[in-house]
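J.: Okay, structure incoming, though there's no sequence with it:
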C-alpha cells in the first residue's frame, strides 16, 4: 500500500462492506468514489464503509463520503461508516457529520470494538474465526436436497456454489458423521460390508497391507484385488484392480497377485509424474499380462 489506499470488498446477504485501508485524501478519495459507484451500479442499495484501518481523511475525502451518502439515500438505500479509526472519528465528529455518516451509532462502534479474527492454519487451509456473545443465536437450514443422502443419490446436477458472509458458515457432508453412520448399506451378497465398523476395519487392513480384497462382496464367486495409485502433486487418488472367479483367484495366489497389482499402481504413479513415460507404459502392459485371470 505504501501511503496509498487498499479497498477490500465483502459481499453480505443484503449489503456490501468496503474495508478501506490507508489515506482518504483528495487523490485517493476518487478511487473510493469509483468503488462506491460500482456497488450502486450493481443494484446494491446498502453500503457499509469499514474505516478501521483508515488513518487519515481530508476535506476531499469527507466530500466524497457525503456525496455517496446522498446517492444511496436518494435510491431508498443507506450508507454508513462502521468501526472508524480514532482519527477518522475525530474529524467526522468535528465536522458535525457524525449523526449523518455513522448511521445513528454516534460513532460508538470504534475500531477497538471491531470483532477480531483468530487465524487458524491447518492442512493447507486457512480459517478465520470470530467470537460472538453468549446470547447470540444460530439459525440453520439445509442447502440442496438432503433427502438424497440415504440413497447416495447425488449427481453433478445437485452441486451448487454458495457465497457466504462472515456471519454464515457451512458444513459439508463430511462433517455430518452421525448422519452417514445411520445410513443402511445395501447387501449385495452375504459377504457385503453393511456396517460402518466393518467398512472401517476393512479400510484399516487395506492401509496396513497396501491393497484391498473384495471377497464376494458385490457378486458371488468373484474376488477382486485393488491397490491405490496417485497423481503426484495433484492430491488425486484412484485404484487399479483385477477380478476373477474364486476358482482362479484362490487365497494362495492373493499375495502374489496383490504384489503385481501394487507394482502396476506404482508404475501408473510414475507415469503421471512424467518420469520415463515410455518405460512405464511397457511395464504396465507387462503387469497386465502377468495378472490377467
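T.: Alright, I've got the coordinates. Being a predicted model, the structure only gives us computed values, none of them experimental.
J.: and residue 34, what element?
T.: In this structure, residue 34 sits in helix 28-41 according to DSSP states H and E.
J.: name the helices or strands packed onto that helix?
T.: Contacts of helix 28-41 with other secondary structure elements, assessed using 3 or more Cβ pairs under 8 Å, 6 or more residues apart in numbering; DSSP states H and E, are made with strand 5-11, strand 16-24, strand 46-57, helix 59-74. All C-beta atoms are positioned from the backbone trio N, CA, C, and that covers glycine.
J.: closest one to residue 144 among those?
T.: Distance to residue 144, taken as Cβ to Cβ, is lowest for strand 5-11 among the helices and strands packed on helix 28-41, at 20.8 Å.
J.: wait, which of the helices and strands packed on helix 28-41 is closest to residue 203?
T.: Comparing those against residue 203 with Cβ to Cβ, the closest turns out to be strand 5-11 (40.2 Å).
J.: ok, back up a step: so which of the helices and strands packed on helix 28-41 gets nearest residue 222?
T.: Across the helices and strands packed on helix 28-41 (criterion: Cβ to Cβ), the nearest stretch is strand 5-11, sitting at 52.8 Å.
J.: ok, and what's touching that closest one?
T.: The list of residues contacting strand 5-11 from outside it, by Cβ atoms under 8 Å, 6 or more residues apart in numbering, reads 16-24, 28, 31-32, 35, 163, 165-166.
J.: Can you check which of the helices and strands packed on helix 28-41 gets nearest to residue 246?
T.: Checking the helices and strands packed on helix 28-41 against residue 246 by Cβ to Cβ gives strand 5-11 as the closest, at 58.6 Å.
J.: What residues sit buried inside that closest one?
T.: The neighbour-count criterion (16 or more other Cβ atoms under 10 Å) identifies 5, 7 as the buried residues of strand 5-11.
J.: circling back to that earlier point, could you export the helices and strands packed on helix 28-41 as a markdown table, including mean pLDDT and distance to residue 200?
T.: What follows is the helices and strands packed on helix 28-41, written out as a markdown table (pLDDT from 0 to 100; distance: least, Cβ to Cβ, whole Å):
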| stretch | mean pLDDT | distance to residue 200 |
| --- | --- | --- |
| strand 5-11 | 88 | 40 |
| strand 16-24 | 90 | 44 |
| strand 46-57 | 90 | 47 |
| helix 59-74 | 91 | 56 |
